[in-house]
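A.B. asks: mind folding the following:
(one chain, ligands or ions: 1)
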Amino acid sequence: MCGIVGYIGEKCNLKRVLINDLKTLEYRGYDSSGIAIYDGNMKIVKSKGKIAYLEEQLESIKINDSNIGIAHTRWATHGEANDVNSHPHRIGCVTLVHNGIIENYSELKNNLINKGYVFVSSTDSEVVSALLDDIKKSEHDNLKAISKLIKMLEGSYALGIIFDDDYEHLYAVKKDSPLIVGLCDNCNLIASDIAAIMDHTKKYMLINDFEIVKLSKNEVQVFNSELSLVNKDVLEVSWDINHAKKNGYSHFMLKEIHDEPNVLRDTIIEYIKDTDTLVNKMPDFSKYNKIHIVACGSAMYAGMVGKYIIEEYANIEVSVELASEYRYKKNFYDHNTLVIFISQSGETADTIAALRKVKKDNIDTLAIVNVVGSTIAREADRVLYIRAGMEIAVATTKAYLLQVAMLILITLNIAYANKKLNRDELDKILVEFGTIPNAIKDILDRKEECFDIAKTLYKSKDIFYIGRGIDYALCMEGSLKIKEIAYIHSEAYPAGELKHGSISLIEDKTNVVGIVSKELLSSKTLSNIEEVIARGAVITLVTTDDLEDNFSFPCQKFVVKKVNDIIQPLLIVVPLQLIAFEVARIKGCDIDKPRNLAKSVTVE
Ligand code: F6R
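C.D. replies: Numbers count the residues shown, from 1 in each chain. Prediction:
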């Protein structure tokens, strides 16, 4: 979603600096971009499409070295993606960039039109610049003007603001959209996320809702909405800068799939030494008799895997809910319910809203998050961090894997506490868990097999993924991956459900991916696969080496090593990711930045 960045500091070739910083925000997803630099005059350049187009336009415009500027990548919400709707927006004495959605913008806009303001774009953000300009007519002090502004805005925003009467300071404020401040020796920065500051500094501050920031070249002041100074902690980015680089891989997605063995080891190592380590490192879950898992997209699908294993091994009822639904529906929880929120970014708007709702009801919350210090990590009662490092490709791979890994650790911990597993059994599983990173490495070495499978799939109009139980949960993730990066319509179906309707869509040469990893259900899924074969389906099977001989029908197979059922999903998902990647590569899709998608979904 939209990304903002702003610079105040030593005079420099700011055009170059801001373009570089914007490029680091590309992964968030965008459809236009723009830049405003003050070099004695306010120069604003905006362009629909890739940042490369913005760069082309900037070539023809003379911009002198400058000390202040703001820039933006826009993911269209109000008004189509075009040059005019792109940010920055400038009205009167105010130039600004905005990430978020102003819900009461149309009422504000009507009032401003009545006062004589004229709008050229269809955006809610232009309304904010007009409103701030209007406030400035009676309020000279810029901090006071922003404080008045935020009392009038409903919705979400991270704003980077330049006032014509103060080119020595950059201003920013936020509510429900992410904002950080980067601290350097000769400049200070605002940005939507850490990626944009990593080329400048490792030191940063997290800005909270309604905090107003005033930055100069060598000072950052943060105020609350009543304009009292707030003391902020200075944090240090722990991520390796290499996480933001492709390191020789053709795509971030491929690189991130290849990161999986290492990041899995980094994430689980502190828990798996033996049963005592696991018990000591994990929270105490003994009071809970019900778990809700709330998330969006792949994080929700990781939660589905969690549901199957927690219910089976730990004997606790789990419901998995989409955050966008959960936040508005009636929820049945009590003080023995734990609500687990899963989010790679920790900034997903729906997940944040659902978390706040649950917290308001005084129900215990736990977050599984990748981005340290993100909103969800800060607001949940407890947090378990996965250690994926930075994930740049829009489609998640390594973070999904680690979310599943963390849910497995939680399950094992509860299963032991509930006496569903004894110490010997648990120790044995933990030892095998420690072998999974290498087993994933072995799968990654078999890229050619995934490529061969992809060659048979890439022309498909539709692909069905079918499986039962936990395999069905994995089908959901496999199916989403192929949809989002290869633009192939796909459905994940519980294998036994197909004949209740959707089997009518199976015809000659329809591609069906069957996932079969659980012996108990394998013969059942096998029958369902036979049913679709009888209707002309072509089968790709992802299965385990103990089961592969059970299948006599003609099909292409990707076979992974059999490990304990509870950790098996970690091996099954890897070929699904690689196959989707290869299909998208053959089709020539924009794999790291699929159309219409955003990495961090910070609006509702
Ligand atoms: C799909 C994908 C998305 C995210 C979803 C939640 O590959 O990445 O479905 O899983 O948008 O994002 P987070 O985990 O950041 O809350």
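A.B. asks: for the stretch 201-350 of the chain, what lies in contact range of the ligand?
C.D. replies: Cys296, Gly297, Ser298, Ala299, Ser343, Gln344, Ser345, Thr348 (Cβ under 6 Å from any ligand atom). The C-beta positions use only the backbone N, C-alpha and C, and glycine is treated the same way.
A.B. asks: need the residues of the protein near the ligand, please.
C.D. replies: Checking the chain against the ligand by Cβ under 6 Å from any ligand atom, the hits are 296-299, 343-345, 348, 351, 395-396, 480, 484, 601.
A.B. asks: let me know the closest of these to Ala191.
C.D. replies: Minimum distance to Ala191 across those is 14.2 Å, recorded for Ser345 (Cβ to Cβ).
A.B. asks: tell me if I'm right that that closest one and Val394 touch.
C.D. replies: No: when contacts are counted by Cβ atoms under 8 Å, Ser345 is not listed as touching Val394 (11.2 Å).
A.B. asks: which neighbours do the two share?
C.D. replies: Common neighbours of Ser345 and Val394, using Cβ atoms under 8 Å, 6 or more residues apart in numbering, are Lys599.
A.B. asks: one step back: of the residues of the chain next to the ligand, which belong to strands?
C.D. replies: Ser343 (DSSP state E).
A.B. asks: need the pLDDT of the residue in the chain that the ligand sits nearest to.
C.D. replies: Closest to the ligand within the chain is Gly297: 1.9 Å, counting by Cβ to the nearest ligand atom. Note for Gly297: predicted pLDDT of 97.
A.B. asks: for the closest residue to it other than its chain neighbours, what are its contacts?
C.D. replies: Spatial nearest neighbour of Gly297, chain neighbours left out: Leu480 (6.9 Å); criterion: Cβ to Cβ, 6 or more residues apart in numbering. When contacts are counted by Cβ under 8 Å, 6+ apart, Leu480 touches Gly297, Ser298, Tyr301, Ser490, Ala492.
A.B. asks: which residues touch the helix or strand hosting the third one?
C.D. replies: In other words, Tyr301. Per DSSP states H and E, Tyr301 falls inside helix 297-309. Applying Cβ under 8 Å, 6+ apart, the contact partners of helix 297-309 are 293-295, 318-323, 340, 342-344, 348, 351, 395-396, 399-400, 403-404, 407-408, 410-411, 469-470, 472-474, 476-477, 480, 566, 569.
A.B. asks: now the residues you listed: which count as buried?
C.D. replies: Among the contacts of helix 297-309, those classed as buried by 16 or more other Cβ atoms under 10 Å are 293-295, 318-323, 340, 342-344, 348, 351, 395-396, 399-400, 403-404, 407-408, 410-411, 469-470, 472-474, 476-477, 480, 566, 569.
A.B. asks: please narrow those to those residing in helices.
C.D. replies: If you go by DSSP state H, the buried ones among the contacts of helix 297-309 have 323, 351, 399-400, 403-404, 407-408, 410-411, 470, 472-474, 476-477, 480, 569 in helices.
A.B. asks: returning to that earlier point: and for the residue of the chain closest to the ligand, the neighbour number?
C.D. replies: 24 (other Cβ atoms under 10 Å).
A.B. asks: change the start of the numbering to 237 and stick with it
C.D. replies: Renumbered: residue one is now 237, and that last one reads Gly533.
A.B. asks: assess the claim that Ala820 and Ile721 are in contact.
C.D. replies: Yes: using Cβ under 8 Å, Ala820 is in contact with Ile721, at 4.2 Å.
A.B. asks: which neighbours do those two share?
C.D. replies: By Cβ under 8 Å, 6+ apart, the residues touching both Ala820 and Ile721 are Ile827.
A.B. asks: show me what contacts Glu713?
C.D. replies: Ser534, Tyr537, Ala538, Tyr636, Val809, Leu812.
A.B. asks: spatially, which two of these are the most separated?
C.D. replies: It's Ala538 and Leu812 that sit farthest apart of the contacts of Glu713, by Cβ to Cβ, at 13.1 Å.
A.B. asks: between those two, which one's more packed in?
C.D. replies: More crowded of Ala538 and Leu812, by other Cβ under 10 Å: Ala538, with 31 against 24.
A.B. asks: find the nearest non-adjacent residue to that one, please.
C.D. replies: Nearest-residue entry for Ala538: Gln639, 3.7 Å, with adjacent residues in sequence omitted and distances by Cβ to Cβ, 6+ apart.
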